[in-house]
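S.K.: curious how this folds, go ahead:
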Amino acid sequence: MTFHPLTRRVSILAVIAISITTGEGWAHKKGQKVRVRFLATSTLIRTWGGTNEDTYLAELTFAPNHEPLVVRLIDSYPNVASPLSKGTLTATEGSILNVRRDTDCDRRYGKIVLRTAPGDEMAILREPLGYRPPMDRMPASETIVPCYRVVR
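M.R.: All right, here's what the predicted structure looks like:
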């Protein structure tokens, strides 16, 4: 069975295009290494046999000389894995983590529930809402806070 030269070229170009986009997808899944400084714990969702999800307000610094970006940071992990350590959550200089952008979970700052300081064990209890993190500039209530996810 022989193929027409044009069909062969189109097939080769399709394979190349698919392999290039697949490679970009893997790089995107790996995430971006950033310095994360946690500001507040938002919600902690624990499940039995499913996925746990911890949400935080954090500052991401993408490069040493860049201004930090206030973000909503979500850490999803299986029930058998451990959450981020207290040392990671409370490090004053921040911790290095891999994160990726997720535009589907962006929220207005006024809609983000802030429960406690990061690493505070009281976050799992029904604490009164309204924790105010120590920040130089508090975002306006209508400011859209970009969302990122921890890549484990």
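S.K.: which parts of stretch 102-113 are buried?
M.R.: Applying a neighbour-count criterion of 16 or more other C-beta atoms under 10 Å, one finds R107, Y109, I112 buried in stretch 102-113. For the C-beta atoms, the positions are set from N, CA and C on the backbone; glycine is no exception.
S.K.: any idea how far K33 is from the second one?
M.R.: What it means is Y109. 26 Å (C-beta to C-beta, to the nearest Å).
S.K.: reformat the buried residues of stretch 102-113 as CSV; add secondary structure, distance to T41 and pLDDT.
M.R.: Formatted as CSV, the buried residues of stretch 102-113 follow (DSSP: H, G, I helix; E, B strand; the rest coil; distance: C-beta to C-beta, whole Å; pLDDT from 0 to 100):
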residue, secondary structure, distance to T41, pLDDT
R107, strand, 15, 97
Y109, helix, 16, 96
I112, coil, 11, 94
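S.K.: from the residues you listed, pick the one nearest T55.
M.R.: Checking these against T55 with C-beta to C-beta, the nearest one is I112 at 8.2 Å.
S.K.: follow-up on the earlier one: what's the closest of the buried residues of stretch 102-113 to A63?
M.R.: The closest of the buried residues of stretch 102-113, once distances to A63 are taken by C-beta to C-beta, is Y109, at 24.1 Å.
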